[in-house]
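Student: just the structure for this:
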Amino acid sequence: MPAGNCPANPANERLHPRLFIAATRQNEGKTTTSLGLASALQKHHPRIGYIKPVGQRFVQVEEQKIDEDIILMDRVYQLKCPLLDMSPIAIEPDFTRKYLQKSNYEVLVRRITEAFDRVAWEKDFVLCEGSGHAGVGSVFDLSNARVAKILGAKVIIVSQGGIGKPIDEVCVNQALFEKEGVEVIGVILNKVLPDKLGFINEFARKGLKRKGLDLLGVLPHQPILSSPTLEVIREELRAQPLNASTQYQNLVEEVVVGAMSVRSALSYFKKGVLVITPGDREDILLAAATTMYGQAPDGLAGIILTGGQRPSPSVLRVVEALPFPVLAIDAETYRVASKVHDLTVKTRPSDTAKIGLIRDLISQHVDVEKILAAV
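Tutor: All right, here's what the predicted structure looks like:
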């Protein structure tokens, strides 16, 4: 079958309402939306299914490559479905090259549709999460727009807050979905500054209406959702712990590079701050320890010592007694700070505070009744 003639999946189309969550670009909030919507939808459809047909960030689970968002949704909602069915296609580094050498479109489509049928078995509603904007995956003939068509799903597009730019980007995505014959039922705007909620709600709604689209929700920006924990940073950097602190759920709200004098540094030692400093700056380390010791609830998020250097034995004893994590890494300070800054923060099953907040955000700011009516 030519790639252009994509089959729908009519077998379950009347039996299982389904919704495809797309976005105008990566990291706009698809998983956040899916996580919150699953909770809201359960009030109407208790048995929720979830699938991410094409995944790009995966982890190894018992020799199977599973998209990391599948792990999150399964742990939170106990979906009772094989992980491989919820994550039928994992895009490995050489996936595109192999596909272009020898197209196996029909095999991939069958894998998606059969996985969907198993995910949807005995479910009342199925959430399908895309992997970016409508065109992602076009190079191997499985763009998000094409996958939504294959699954017979209607679409919600998630975009960042604003008016002009998000509407422009939504319209580009809408055109590709419409080309595939897929209906976009509305838009959710994410990460809107709280003091702009009313303004964005009014004018983005007017702008989208001119394009035949509903504004389904406006989610206020919550710093906690984009702030990494020390655990995430430790794993991403593969840093070595220098003390026995268990406070790895500390949120990093600000990064301070300890390249200044001790006097200048003192004003930065506060809750939510991660200090990154060369391992031989014992003056900075001792100042942080002296200022914050015994203030665990409001203390620093943590300290990273760089350059492969370690404190002297006497200072190391102080480090070992600190309540917050102190990590060591061989890379130099600027490189470490850049990596921390560029981290993609994903919600994890252990992030209970974040998950609770996400559920509340969707419940309070998204018109779930309108979504159900449209689907």
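
Student: so what touches the helix or strand of the chain with the lowest mean pLDDT?
Tutor: When each helix and strand of the chain is scored by mean pLDDT, DSSP states H and E, strand 58-61 comes last, with a mean of 74. The contact list for strand 58-61, computed with CB atoms under 8 Å, 6 or more residues apart in numbering, reads 65, 66, 67, 68, 71, 83, 87, 90. (Each C-beta comes from the backbone N, C-alpha and C, glycine too.)

Student: quick one, domains of the chain?
Tutor: Residue ranges for the domains of the chain, per automatic domain parsing: 10-222+348-374, 228-341.

Student: weakest of the ones you listed by average pLDDT?
Tutor: Lowest mean pLDDT within those: domain 228-341, at a mean of 86.

Student: what about that domain, start to end distance?
Tutor: End-to-end distance for domain 228-341, by CA to CA, to the nearest Å: 10 Å.

Student: adding mean neighbour count, write the domains of the chain out as a markdown table.
Tutor: Formatted as a markdown table, the domains of the chain follow (neighbours: other CB atoms under 10 Å):
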| stretch | mean neighbour count |
| --- | --- |
| domain 10-222+348-374 | 19 |
| domain 228-341 | 18 |
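
Student: how far off centre is stretch 225-240?
Tutor: Remark: stretch 225-240 is offset 15 Å from the chain centroid, using CA atoms, centre = their mean, to the nearest Å.

Student: for the closest residue to residue 144 other than its chain neighbours, what are its contacts?
Tutor: Among residues not flanking residue 144 along the chain, residue 130 sits closest, at 4.0 Å (CB to CB, 6 or more residues apart in numbering). By CB under 8 Å, 6+ apart, residue 130 lies in contact with 20, 21, 22, 23, 30, 52, 54, 136, 144, 147, 148.

Student: one more time with 7 Å
Tutor: Counting by CB atoms under 7 Å, 6 or more residues apart in numbering, residue 130 touches 20, 21, 22, 23, 30, 144.

Student: kindly report the same for residue 85.
Tutor: If a contact means CB under 7 Å, 6+ apart, then residue 85 has 115, 118, 119 as its contacts.

Student: what's the spacing between the last one and residue 220?
Tutor: When distance is defined by CB to CB, to the nearest Å, residue 119 is 32 Å away from residue 220.

Student: what's stretch 107-116 in contact with?
Tutor: Applying CB under 7 Å, 6+ apart, the contact partners of stretch 107-116 are 7, 9, 51, 53, 85, 88, 89, 142, 147, 150, 151.

Student: need those in CSV (columns: secondary structure).
Tutor: Output for these, formatted as CSV (DSSP: H, G, I helix; E, B strand; the rest coil):
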residue, secondary structure
7, coil
9, coil
51, strand
53, coil
85, helix
88, coil
89, strand
142, coil
147, helix
150, helix
151, coil
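
Student: distance to residue 206 added to those residues, as JSON lines?
Tutor: Listed next are the contacts of stretch 107-116 as JSON lines, based on distance: CB to CB, whole Å:
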{"residue": "7", "distance to residue 206": "38"}
{"residue": "9", "distance to residue 206": "36"}
{"residue": "51", "distance to residue 206": "34"}
{"residue": "53", "distance to residue 206": "34"}
{"residue": "85", "distance to residue 206": "42"}
{"residue": "88", "distance to residue 206": "40"}
{"residue": "89", "distance to residue 206": "39"}
{"residue": "142", "distance to residue 206": "35"}
{"residue": "147", "distance to residue 206": "31"}
{"residue": "150", "distance to residue 206": "34"}
{"residue": "151", "distance to residue 206": "31"}
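
Student: quick check, nearest of those residues to residue 311?
Tutor: residue 89 (47.6 Å; CB to CB).

Student: related to what we said a few turns ago, send the alpha carbons of the least confident helix or strand of the chain over as CSV?
Tutor: Taking C-alpha atoms only, strand 58-61 is exported to CSV below (Å, rounded to 0.1, in the frame of the first residue of the first chain):
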residue,chain,number,x,y,z
PHE,A,58,12.9,5.8,25.6
VAL,A,59,14.3,3.7,28.4
GLN,A,60,15.2,0.0,28.4
VAL,A,61,12.7,-2.2,30.3
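
Student: can you name the next helix or strand after that strand?
Tutor: strand 64-67 (DSSP states H and E).
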